[in-house]
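Trainee: coordinates only, sequence not included:
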């Protein structure tokens, strides 16, 4: 087989922050890439020299969609370095705000970014005319997620009250009660959402891969846990470098990450495959209704796993609020004594495992920082999927190939530029 | 005919673009008043026939300058949205590190693949007609600016410091809580969200037009901060101001 020369150029176009490049020769896929061309931002450098008090709100600026996940991962890294164990109330509040972010992010993805494909529209905007109730429901559910974040953390995008060893301001019981009412009311919208997605079909494409997520012990793990692989090994958080490895690829400003195989998947489907038994019964019921069964090897079902997780987060948020209210909310001390050393914080961001790894000096200033973002971990897997799906598409029109490839990439909900409607497709047939 | 609006993102976290999608209560009304013709985060269309360009993000690469100038050439009104677009944002911090070692720290021996340059706000390269401040922007300020631009009037954006809003919110001054705050010199408009949540303002909305920088610095020093600490903190969101205003 002859080689195809694809020149990898650094981005010159700003519309596309990620590009799909697929090359087919004599009916053989010879290249399948997702090039990430987002501008590099050097957060790891910006964190260096900053005090522990600023680390979480600097890191939250990595991403507007998953700002809570970045804040949480950062706070956990700092607390790990200083040997701080936050209070039970802090854990409950962090888990609650986390649910808020998962709800808003998943709803944004499945309704605003994926659903237009399924309705044959270019965006959610024309749907407002043709499917007004669907759009209104999406906005209500998205607002629910945002409101949870606002009640607990002040706001969703770059939360203000999340701090090392606690919250600068603890929410009022009344606002949590109000939130609880809204959550109960949202059940109807969520049932309708499950019905909607039950009626939509995704391409039937299966490719088994390695599924990596945090490992649940007593609960569906978003906030903490060891690292679990579907290949059967478990790694302690602090030893994550033994499990996964970052590689710089010239075509991408996002680093690629690999584990024991050439690629692995993180995100909603990995979490579901590894931890489905910890889902709230209502979420398990939704999974059944939607035909999602572990282990699922169809990446398009990530969308469905997100719907299932949204059901879980709504139900578990109610449980968390009940627990917070029965315990009674109180202002707690937030003593912090900086200590020299390294700390790692790993959480499950909406799109998958998110790592923050800091080293501090004795005065509490960061001397070293490393962050590993879920989308970077999924890149190699997306490319392996593209490679595997192409043979079945070869007799299709180029438009159809393009449509399916876009849907595939979109299913992963890449956080490159927060939406995947920036993807340029180039199919080379030689 | 509805005014045509384009939303662009340069180097940013796209949180401010997301704020538009998070205007859950107003979004359908906005869609009734304007036509989005280019908004990568949300729609497939990529049209060039826009009247109003709203830009999220700072300029950090050569090709972004060209693209920005192209947008300026087409747009009747250019709006800088968020701290990155208005002041270079948090990314401005990168400018204080050596560019070569910065790239090497993150990308190792592959760093030469990634061109980068000092972070600059939009106004460094083109005329900006209107700013929407903050990291992230405030929802109601976005609506106020969009409405004003459509009506051709000047938006009502405060030129008084956060302290005014803090008093309106009946907050205890965060200095009284033993914290430090940039509220006395920072442009109001966020409802003093950080002090209201018992945390000091970090100046993300930028300074008021005539900030009392010296007096503020004196207060911070009285509360135990050193000159170096104050400068380092100020640079998190206002390094560009420092660079473009007279040195102390």
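Mentor: Arrived safely. Because the structure is a prediction, the values reported are computed rather than measured.
Trainee: rest of the way, CA atoms for contacts and neighbours
Mentor: OK.
Trainee: which helix or strand in chain B has the lowest average pLDDT?
Mentor: Counting by mean pLDDT, DSSP states H and E, the weakest-scoring helix or strand in chain B turns out to be helix B:99-107, with a mean of 67.
Trainee: swap in chain A?
Mentor: strand A:423-429 (a mean of 41).
Trainee: residues of the stretch 101-250 of chain A that sit close to chain B?
Mentor: A:112-113, A:122-125, A:128, A:139-140, A:142-143, A:146, A:154, A:157-158, A:160-161, A:168-169, A:248-250 (C-alpha under 8 Å from any C-alpha of the partner chain).
Trainee: out of those residues, which end up buried?
Mentor: Using 16 or more other C-alpha atoms under 10 Å in any protein chain shown as the burial test, these include A:112-113, A:122-125, A:139-140, A:142-143, A:146, A:154, A:157-158, A:160-161, A:168-169, A:248-250 as buried.
Trainee: buried residues in the helix of greatest length in chain B?
Mentor: Criterion DSSP state H: the longest helix present in chain B is helix B:227-244. Of all the residues in helix B:227-244, those buried under the rule 16+ other C-alpha under 10 Å are B:232, B:233, B:234, B:235, B:236, B:237, B:238, B:239, B:240.
Trainee: ok, and what's touching it?
Mentor: B:83, B:87-90, B:92-93, B:120, B:202-204, B:206-207, B:217, B:220-221 (C-alpha atoms under 8 Å, 6 or more residues apart in numbering or on different chains).
Trainee: circling back to that earlier point, among the residues of the stretch 101-250 of chain A next to chain B, which lie within helices?
Mentor: A:124, A:125, A:128, A:139, A:140, A:142, A:143, A:146.
Trainee: got a list of what residue A:76 touches?
Mentor: Here residue A:76 is in contact with A:164, A:343, A:344, A:345, A:346 (C-alpha under 8 Å, 6+ apart).
Trainee: for the chain, give me the ranges with low pLDDT.
Mentor: No chain in the question, so chain A it is. For chain A, residues meeting the criterion pLDDT under 70 lie at A:1-17, A:37-42, A:248-255, A:416-430.
Trainee: oops, chain B please
Mentor: If you take pLDDT under 70 as the line, chain B has these spans: B:41, B:44-45, B:102-116, B:246-248.
Trainee: check the secondary structure at the closest residue to residue A:375 other than its chain neighbours for me.
Mentor: Nearest residue to residue A:375 in three dimensions, chain neighbours excluded: residue A:414, at 5.5 Å (C-alpha to C-alpha, 6 or more residues apart in numbering or on different chains). The three-state assignment at residue A:414 reads coil, by DSSP: H, G, I helix; E, B strand; the rest coil.
Trainee: residue A:414: neighbour count?
Mentor: Neighbour count for residue A:414, taken as other C-alpha atoms under 10 Å in any protein chain shown: 20.
Trainee: wait, what's in contact with the most centrally placed residue in chain B?
Mentor: Chain B has residue B:83 as the residue nearest its centroid, 1.3 Å off, counting by C-alpha atoms, centre = their mean. For residue B:83, the contacting residues are B:57, B:89, B:90, B:133, B:134, B:135, B:136, B:137, B:204, B:205, B:206, B:237, taking C-alpha under 8 Å, 6+ apart as the criterion.
Trainee: same thing but at 7 Å, please
Mentor: By C-alpha atoms under 7 Å, 6 or more residues apart in numbering or on different chains, residue B:83 lies in contact with B:89, B:133, B:134, B:135, B:204, B:205.
Trainee: just these now: which is nearest residue A:205?
Mentor: Nearest to residue A:205 among these is residue B:135, at 41.1 Å by C-alpha to C-alpha.
Trainee: before we move on, back to that, for the residue nearest to the centre of chain B, give its distance to residue B:42.
Mentor: 21 Å (C-alpha to C-alpha, to the nearest Å).
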